[in-house]
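Visitor: based on what follows, work out the 3D shape:
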Amino acid sequence: MKKIILFFFLIYGAINAQNKAHNGWDLLDKPIKRAHWSWQNYALKSKLEQDAYLDFCLNKSISDIYMFCIPSWKSKTLQKGEIASEKNQEKIANFIKKANNRGVKVWGLYYSFLKPKFKPNGKPDLRKSGRQKHSIDYMGKTSENEHITAAKTIMDAVGKFNLKYPEGGFHGVQFDQEPRSKEYLVPYLEYCEAATKKVEEWNKKLLKNNARPFVHSAALRPSWVSRTKVTWNGSNNYVAYHYMSFSKHGALMNYTSNNNRFIKWASILLKWADEFGNDKLVAIGVETDNIVGKWKTAKDETYYDEIAKENRRTRFNKFETDLDKAEQQFLKFKSYDRIAIHAAGYIEHWFKGKRDFKIIGRAPKNTLFSNLKDDASPNAIIIKN
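Guide: From the prediction side, this is the model:
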């Protein structure tokens, strides 16, 4: 008991230390390491970009990256039962091994369904780049169980990849669909349950063959904790509650810069996860991208403006103070995994608006790095090289 009290005393003391990291390659050394969402597939980038991004992870206490690298299920690649071409699979495995050697775990981030958007006149709704916009408010042809087929197809492809590359496999995969329409919420849960069961099947085979097992996670809207309920297996409850009843891992997209609300929403989900057993984990997401003005409530959903308005001597002080305060509360729950930061805007805050590591480059000589293997998360998974 004394050891436990001492452990939390040391962690709380470290959490409450004054923030000294404000710019560039300043070391942010957190006792509980963090996750970072990356919409860049660094496995397909140059050696410079890969190494520089991993420098960044070690410099900012990032032990887990959720990297967008798995296509939607109707892609030609997944229809062939693969997550990528042979050449790109090898690149992904090599990047994962490189990241693991530096203490970083890699999760494959993905969507299952992308529904093309059209204008009222029927013409495709295009981005500035000329590519058509897509909606993730969709779960396929649910009447034909397309969502179940997709879940099994994608998990089979990931399992096959991990079996093929036993030392370069994913630690997990994360489903980022987040449908809004009520008609898709039960299919969403059905999809995640099917994916979770398929992963359990694969993990038996992977462990038997000395390959890396993986976990299926999913992004959870804060409204699924606070107001949106559905009936699932005869019970009417919040979407996220149902999700944690069968899932091993969830990532709450806890996008608010109101710290009290941030703590409240996350604590609700963590409490549910604790009640469901000892094998549930929850990562708590925080937004740093510049989404201000993109919709009515966007400013309240990101820390972008709070970070941007601070100067070079104080930048990140409010952000870190809020996260430290929240983490003290989260540590009361055995299901707490870690804070997860979204997304490339976080890189921009450190490097004067730059996010491209071709421009930023490697960390300078004598840059300090966090020891990612010294992770105080109650659920730390330490990579053994």
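Visitor: okay, buried residues for stretch 53-61 please.
Guide: Within stretch 53-61, the residues scored as buried using 16 or more other Cβ atoms under 10 Å are 53-61. (Each C-beta comes from the backbone N, C-alpha and C, glycine too.)
Visitor: got it, and stretch 377-385?
Guide: 377-379, 383.
Visitor: after the helix or strand hosting residue 78, which helix or strand is next? Please name it.
Guide: Assigned by DSSP states H and E, residue 78 belongs to helix 76-79. Going down the chain from helix 76-79, the next helix or strand is helix 86-101, by DSSP H and E.
Visitor: next SSE after the helix or strand that contains residue 266?
Guide: Assigned by DSSP H and E, residue 266 belongs to helix 259-275. Remark: after helix 259-275, the chain's next helix or strand is strand 281-287, criterion DSSP H and E.
Visitor: gap between that following strand and the chain center?
Guide: Centroid separation between strand 281-287 and its chain, computed with Cα atoms, centre = their mean, to the nearest Å, is 7 Å.
Visitor: now that strand and helix 259-275, what's the angle there?
Guide: Here the directions of strand 281-287 and helix 259-275 differ by 160 degrees (axes from the mean of the first three to the mean of the last three Cα atoms, to 10 degrees).
Visitor: about what we covered before: now render the buried residues of stretch 377-385 as CSV, adding secondary structure and pLDDT.
Guide: Putting those into CSV (DSSP: H, G, I helix; E, B strand; the rest coil; pLDDT from 0 to 100) gives the following:
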residue, secondary structure, pLDDT
377, coil, 92
378, coil, 84
379, coil, 85
383, coil, 80
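Visitor: just flag the most distant two among those.
Guide: 378 and 383 (17.4 Å; Cβ to Cβ).
Visitor: can you pull the pLDDT of residue 11?
Guide: Looking at residue 11, its pLDDT reads 57.
Visitor: mind listing what's buried in the helix holding residue 266?
Guide: For helix 259-275, by 16+ other Cβ under 10 Å, it's 262-270, 272-274.
Visitor: cool, and stretch 101-115?
Guide: Applying a neighbour-count criterion of 16+ other Cβ under 10 Å, one finds 102-114 buried in stretch 101-115.
Visitor: and for stretch 157-177?
Guide: Buried residues in stretch 157-177, counting neighbours by 16+ other Cβ under 10 Å, are found at 157-163, 165, 168-177.
Visitor: how about low-confidence regions in the stretch 251-385 of the chain?
Guide: Scanning the stretch 251-385 of the chain with the threshold set as pLDDT under 70 gives 384-385.
Visitor: show me where it has its strands.
Guide: Ranges of strands in the stretch 251-385 of the chain, per DSSP state E, counting those that start in this stretch, are 281-287, 336-342.
Visitor: given the first one, what are its sheet partners and their directions?
Guide: The reference is to strand 281-287. Partner strands and pairing direction for strand 281-287 (DSSP bridges) are strand 249-252 (parallel), strand 336-342 (parallel).
Visitor: in strands, which of the buried residues of stretch 157-177 fall?
Guide: 172-175 (DSSP state E).
Visitor: list phi and psi for residue 216.
Guide: Main-chain torsions, residue 216, degrees, to the nearest 10: phi -100, psi 130.
Visitor: so it versus residue 113, what's the distance?
Guide: Applying Cβ to Cβ, to the nearest Å, the value for residue 216 to residue 113 is 16 Å.
Visitor: then residue 100?
Guide: For residue 100 relative to residue 113 (Cβ to Cβ), the value is 31 Å.
Visitor: same question for residue 70.
Guide: From residue 70 across to residue 113, the span is 13 Å (Cβ to Cβ).
Visitor: next one: residue 210
Guide: According to Cβ to Cβ, residue 210 and residue 113 sit 34 Å apart.
Visitor: and for residue 195?
Guide: Counting by Cβ to Cβ, the gap from residue 195 to residue 113 is 13 Å.
Visitor: what is the longest helix along the chain packed up against?
Guide: For the chain, the longest helix by residue count, based on DSSP state H, is helix 185-208. In terms of contacts (3 or more Cβ pairs under 8 Å, 6 or more residues apart in numbering; DSSP states H and E), helix 185-208 is packed against helix 146-164, strand 172-175, strand 215-220, strand 229-232, helix 239-246.
Visitor: sheet-wise, list the partners of the second one with their directions.
Guide: When you say that, I think you mean strand 172-175. By DSSP bridges, strand 172-175 pairs with strand 105-110 (parallel), strand 215-220 (parallel).
Visitor: go through those and name the closest to residue 76.
Guide: Closest of those to residue 76 is strand 105-110, at 15.5 Å (criterion: Cβ to Cβ).
Visitor: now the closest one: mean pLDDT?
Guide: Averaged across strand 105-110, the pLDDT comes to 98.
Visitor: now mean pLDDT and distance to residue 345 too, for the helices and strands packed on helix 185-208, in JSON lines please.
Guide: Formatted as JSON lines, the helices and strands packed on helix 185-208 follow (pLDDT from 0 to 100; distance: least, Cβ to Cβ, whole Å):
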{"stretch": "helix 146-164", "mean pLDDT": "98", "distance to residue 345": "28"}
{"stretch": "strand 172-175", "mean pLDDT": "98", "distance to residue 345": "19"}
{"stretch": "strand 215-220", "mean pLDDT": "98", "distance to residue 345": "17"}
{"stretch": "strand 229-232", "mean pLDDT": "98", "distance to residue 345": "32"}
{"stretch": "helix 239-246", "mean pLDDT": "98", "distance to residue 345": "25"}
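Visitor: which one of these lies closest to residue 316?
Guide: Ranking these by proximity to residue 316 (Cβ to Cβ) places strand 215-220 first, at 24.2 Å.
Visitor: many thanks, I have nothing further to ask.
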